[in-house]
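S.K.: Below: sequence and its predicted model.
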Amino acid sequence: MTAPDSPSVPLPARAEWDRAAAERADPDVLESARADTATRVLVVSADQAPLATPTSLSWMAPADVPDGAEWALLGRRPDGAAVLAAVFPASEDPLFAAPAGWAGLRTIGGALSAEDAGIFVEAVSLGRWILDAPHCPACGARTNLVDAGWSRRCPNCGRQHFPRTDPAIIVAITSATDPDVLLLGSNALWGSDRYSCFAGFVEAGESLEAAVRREVEEESGIAVGTVRYRGSQAWPYPRSLMVGFLAAARDDAAARPDGEEIVAVRWFTRAEIGAGLAGEADFTLPGRTSIAHRLISEWHAGTA
């Protein structure tokens, strides 16, 4: 599936850079990188990182990282310098003072450069797995972190484990009859004025397209016809790959919330969406960090 290029692609989904995957099998790669003064380290604490400015990450030399980190190789910059993650658990207080403070991926991701945002989402995704899955799910023994932080090997039963990624679909629904209206929903966990696309996890043995049709009908009552892929985004909350679609309703009048997960559905005009994107409406739309923002903004711009 291929989506057309768009300047509105969310930054954490757009970055493409050298992850140096071939180097992970080298048992000395982390030690060598940590000894290299050219190496740059992104410290992450849960989903937060230090900032150099309000729109850029703060990088450290390996020797300056506080003790107690779990280490992983994230990749290499174009000049060949290694990029490492130094992973720490969540902390009530910052691990150290940063020039522009600390911020979470949800908050700052949309303001970062494509490279910074891509590295940040990679570090958070990998770091959460490193901290949250230390034991073998088969026998319960504590595993050893290997492959430069990208897998765990059980010393008891010999099994090897890898970071888990859960595919989820996310969908904006267009009208069956009017090209200038879009259906969005309000989740029970949000404020009543917040609306976004419909989303859900892909079930075992289910295709992405089937998941789109099932989730949309379950949450909104809408049966959809055409389903078009629009792009994807890694989203480490907790470990998702969000796969974005635009789908066309068969019958607009069938729209209704499921009353459990979705408490309200609403058809928005193109003008209303424009006001929402500009922050000039009585409702709230998703922020720039999310693929939901891309789906909505591309539809509004007529580029979807």
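M.R.: Received the coordinates, thanks.

S.K.: elements contacting the strand or helix carrying Ile130?
M.R.: Here Ile130, judged by DSSP states H and E, is contained in helix 114-132. With contacts defined as 3 or more CB pairs under 8 Å, 6 or more residues apart in numbering; DSSP states H and E, helix 114-132 has these neighbours: helix 11-14, strand 40-45, strand 48-53, strand 56-57, strand 70-76, strand 82-88, helix 105-108, strand 224-235. (C-beta placed from N, C-alpha, C; glycine too.)

S.K.: Buried residues in that helix, which are they?
M.R.: The neighbour-count check on helix 114-132 (16 or more other CB atoms under 10 Å) flags 114-130 as buried.

S.K.: same deal with stretch 42-58?
M.R.: Per 16+ other CB under 10 Å, stretch 42-58 contains these buried residues: 42-51, 57-58.

S.K.: repeat for stretch 178-189
M.R.: Result for stretch 178-189 [16+ other CB under 10 Å]: buried residues 181-187.

S.K.: what's it in contact with?
M.R.: Contacts of stretch 178-189 from elsewhere in the structure, counted by CB atoms under 8 Å, 6 or more residues apart in numbering, are 172-175, 192-198, 219-220, 222, 249, 252, 255, 257, 260-270, 273, 285, 296, 299-300.

S.K.: And for stretch 255-274?
M.R.: Stretch 255-274 has contacts (CB under 8 Å, 6+ apart) with 175, 180-188, 192, 195, 198, 218-222, 249, 252, 276, 281, 285, 296, 299-300.

S.K.: cool, stretch 203-222 as well?
M.R.: The contact list for stretch 203-222, computed with CB under 8 Å, 6+ apart, reads 167, 169, 171, 173, 183, 185, 198-202, 223-224, 227, 229, 243, 245, 247, 249-252, 254-258, 261-262, 265.

S.K.: Just the ones of those residues in strands?
M.R.: Within the contacts of stretch 203-222, membership in strands is found for 167, 169, 171, 173, 183, 185, 198-201, 224, 227, 229, 243, 245, 247, 249, 262, 265, as judged by DSSP state E.

S.K.: Could you turn the buried ones of the residues you listed into a ChimeraX selection?
M.R.: A single ChimeraX command is used to select the members of those judged buried by 16+ other CB under 10 Å:
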select :169,171,173,183,185,198,199,200,224,227,229,243,245,247,249,262,265
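
S.K.: Can you name the residues that contact the residue lying farthest from the centre of the chain?
M.R.: Note on the chain: the largest separation between a C-alpha and the mean C-alpha position, by CA atoms, centre = their mean, falls on Asn156 (33.4 Å). The contact partners of Asn156, by CB under 8 Å, 6+ apart, come to 136, 139, 141.

S.K.: If we use 10 Å, what do you get?
M.R.: The contact partners of Asn156, taken as CB atoms under 10 Å, 6 or more residues apart in numbering, are 136, 138-143.

S.K.: tell me the mean pLDDT for the host helix or strand of Glu209?
M.R.: Glu209 is part of helix 208-220, with elements assigned from DSSP H and E. Rounded to a whole number, the mean pLDDT of helix 208-220 is 97.

S.K.: angle of that helix against strand 224-235?
M.R.: If you take axes from the mean of the first three to the mean of the last three CA atoms, to 10 degrees, helix 208-220 sits at 100 degrees to strand 224-235.

S.K.: Extract the C-alpha set from helix 208-220 and format it as PDB.
M.R.: Below are the C-alpha coordinates for helix 208-220, written out as PDB (Å, rounded to 0.1, in the frame of the first residue of the first chain):
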ATOM      1  CA  LEU A 208      -6.400  -4.200   8.000                       C
ATOM      2  CA  GLU A 209      -9.300  -3.500   5.700                       C
ATOM      3  CA  ALA A 210     -11.600  -5.900   7.600                       C
ATOM      4  CA  ALA A 211     -10.600  -4.200  10.900                       C
ATOM      5  CA  VAL A 212     -11.500  -0.800   9.400                       C
ATOM      6  CA  ARG A 213     -15.000  -2.100   8.500                       C
ATOM      7  CA  ARG A 214     -15.600  -3.800  11.800                       C
ATOM      8  CA  GLU A 215     -14.300  -1.000  14.000                       C
ATOM      9  CA  VAL A 216     -16.200   1.700  12.100                       C
ATOM     10  CA  GLU A 217     -19.500  -0.100  12.200                       C
ATOM     11  CA  GLU A 218     -19.100  -1.100  15.900                       C
ATOM     12  CA  GLU A 219     -18.200   2.500  17.000                       C
ATOM     13  CA  SER A 220     -20.300   4.600  14.700                       C
END
